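[1] give me the fold of what follows.
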Amino acid sequence: MGKYKVLSLIYLYSVLSSSIANSVGFDVQLLYRVPVLNIRWIDVGILYVLFNCINNMFFSKEDTFKNQTIISFCFIYLIFETIQLIRSWNPAESGWQVSWFICTLNFFILIDLLTYKIPLDEIIDFLKQFAIWGGIVLLFSNFYLFYSFISGNVVYTDLDVRVAIDILGQKETVSTGVLTPLVYAFGIYFLQKEIKPWEKGVFIATILGIYVSLITEFHRGNLVTIATITLIYIAIFSNKPQEVLKKVFAICFLFATLYLVFGGILRKKGYDPIEKLTETASFALDVDNPNWDKGRSVSREYATLGWQKNVYFGNGYDNLYNNMAMPLEIATAHNFIMTSLFHRGIVGTCIYLIILILLFRNSIRLWFLLKRENSYENDILKLLIIVSFFWLIPFWTEEVIWEKYSLSIQFMYFGFITNAYKQKLTLLNQ
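    You can find the predicted model right below:
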């Protein structure tokens, strides 16, 4: 588990980096990158997993239970991507091409976790600790954004409604799309469990911070995620009507606390909590609004035209700006399928999708095994499965295909789920 602790710490540090850089006024790249070597810390984490995995293949005597089908597809995909890199070398900046390929090496996270057995108690403890420390990171970043908002030190993006902080040197965004759902789901679960007071305090403050961010960031995906997780949690983790009422009361209490503590401040800034959440929800449902997709249909047209140049194998490690002369002010395709078809064509995209389908299939199979018995361990694994499915939101709306920070964590979730599934299945068949 040591390598995944390192990987998760690098990810959390990277999430925090933008707030730190803005607060002290220097280039965030100085935090993202290893001094002197000038490579990203997340690259170090991914390569650490890679070399550790290769070393284990030759020298380790650890317990194994290879999920050969998925592992085989992972190696086929890695070979395909290596050929893609070689055949398309140089059209895009070589540094970015290498960076994208390191993102592809995240598949070794899956290979490792689908090969070597990790004790379930270690997985469970790791997930709780990751949720706590992830909560602390989100608490700082969300409340720093709120502080910047009330002090006027923010910029407005996306139709001049979404609040963001201006960061020197931000050439990339570290997505919290895989962190926020996990922290929120684990937070509302642990609030009703016997845990240490400081841990409960962290989860309460973090949940409030997430609610505040829903108002200021005007993020439809986050609103849908938080609302859906809340409903799923109430429905699945309540065995009696009084438990439903208890959970509803607890969540309503947090909302009321948010409104009392922050409502006045937000209203003075023109961000009434109720009105803002209603506006975000209405915008999410108003698909006929010409601004609904925020201009992404244009970039998807570029991606479609670019894909048609090489339908079966795509354009490799090239980009729409070089290949299709797409204007720099236009965002990328913001869709996994279209982006993948442009880069990998039908062949590479199908291999990638087969791997993802098999991973989600294992998640569903594990879910039905967990329903056989109620326990703390099974609850944690159920929450992880629920959280992993919310990756489908940025899957359809963002560039998760090259977002190495969150992709490494999502693959870690998938790996833990399949690892647990294999162990549960083995116990059942004994």
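[2] which residue ranges form the helices in the stretch 201-350 of the chain?
    Secondary structure of the stretch 201-350 of the chain (DSSP state H, counting those that start in this stretch): helices located at 220-236, 241-268, 273-285, 296-307, 320-323, 336-370.
[3] contact partners for the residue nearest to residue 166 when sequence neighbours are not counted?
    Excluding its sequence neighbours, the residue lying closest to residue 166 (C-beta to C-beta, 6 or more residues apart in numbering) is residue 155, at 4.8 Å. Glycine gets a C-beta too; all of them are placed from N, C-alpha and C. Residue 155 makes contacts with 163, 164, 165, 166, as judged by C-beta atoms under 8 Å, 6 or more residues apart in numbering.
[4] what about residue 191, how many neighbours?
    17 (other C-beta atoms under 10 Å).
[5] any stretches of the stretch 151-300 of the chain with poor pLDDT?
    158-161, 283-296 (pLDDT under 70).
[6] swap the cut-off to 50 and go again
    Within the stretch 151-300 of the chain, not a single segment meets pLDDT under 50.
[7] centroid-nearest residue for the protein?
    What sits nearest the mean C-alpha location of the chain, by C-alpha atoms, centre = their mean, is residue 178, with 2.4 Å.
[8] what's the distance between residue 297 and residue 50?
    To residue 50, residue 297 is 37 Å away according to C-beta to C-beta, to the nearest Å.
[9] the more surrounded of the two?
    Using other C-beta under 10 Å, the more surrounded residue of residue 297 and residue 50 is residue 50, with 19 against 12.
[10] check the gap between the more buried one and residue 157 for me.
    Per C-beta to C-beta, residue 50 is found 35 Å from residue 157.
[11] and residue 11, by the same measure?
    From residue 11 to residue 157 the distance is 23 Å (C-beta to C-beta).
[12] one more: residue 341?
    Taking C-beta to C-beta, one finds residue 341 at 27 Å from residue 157.
[13] just want to know which of those two has more residues nearby.
    For residue 341 versus residue 157, the count of surrounding residues by other C-beta under 10 Å is larger for residue 341: 23 against 14.
[14] and that one, what pLDDT?
    The model reports residue 341 with a pLDDT of 93.
[15] in contact with it, which residues?
    By C-beta under 8 Å, 6+ apart, the contact set of residue 341 is 303, 304, 307, 314, 349.
[16] can you pick the most crowded of these?
    Busiest of the contacts of residue 341 [other C-beta under 10 Å] is residue 303, holding 27 neighbours.
[17] gap between it and residue 272?
    Per C-beta to C-beta, residue 303 is found 38 Å from residue 272.
[18] all strands of this structure, in order?
    Taking DSSP state E as the criterion, the chain contains strands spanning 155-157, 162-164.
[19] helices and strands around the last one, which ones?
    Think strand 162-164. If contacts are counted by 3 or more C-beta pairs under 8 Å, 6 or more residues apart in numbering; DSSP states H and E, strand 162-164 sits against helix 120-151, strand 155-157, helix 197-217.
[20] and residue 317, how many neighbours?
    The burial count for residue 317: 24, using other C-beta under 10 Å.
[21] and stretch 18-25, C-alpha only, in CSV?
    Provided in CSV are the C-alpha atoms of stretch 18-25 (Å, rounded to 0.1, in the frame of the first residue of the first chain):
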residue,chain,number,x,y,z
SER,A,18,-3.3,26.3,-6.6
SER,A,19,-4.6,27.8,-3.3
ILE,A,20,-1.1,27.9,-1.8
ALA,A,21,0.4,29.5,-5.0
ASN,A,22,-2.4,32.1,-5.1
SER,A,23,-2.1,33.0,-1.4
VAL,A,24,1.7,33.6,-1.6
GLY,A,25,1.7,35.0,-5.1
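[22] ok, the residue lying closest to residue 212 once chain neighbours are set aside - how many residues close by?
    Sequence neighbours aside, residue 146 is the residue nearest to residue 212 in space, at 5.4 Å (criterion: C-beta to C-beta, 6+ apart). Residue 146: 21 surrounding residues under other C-beta under 10 Å.
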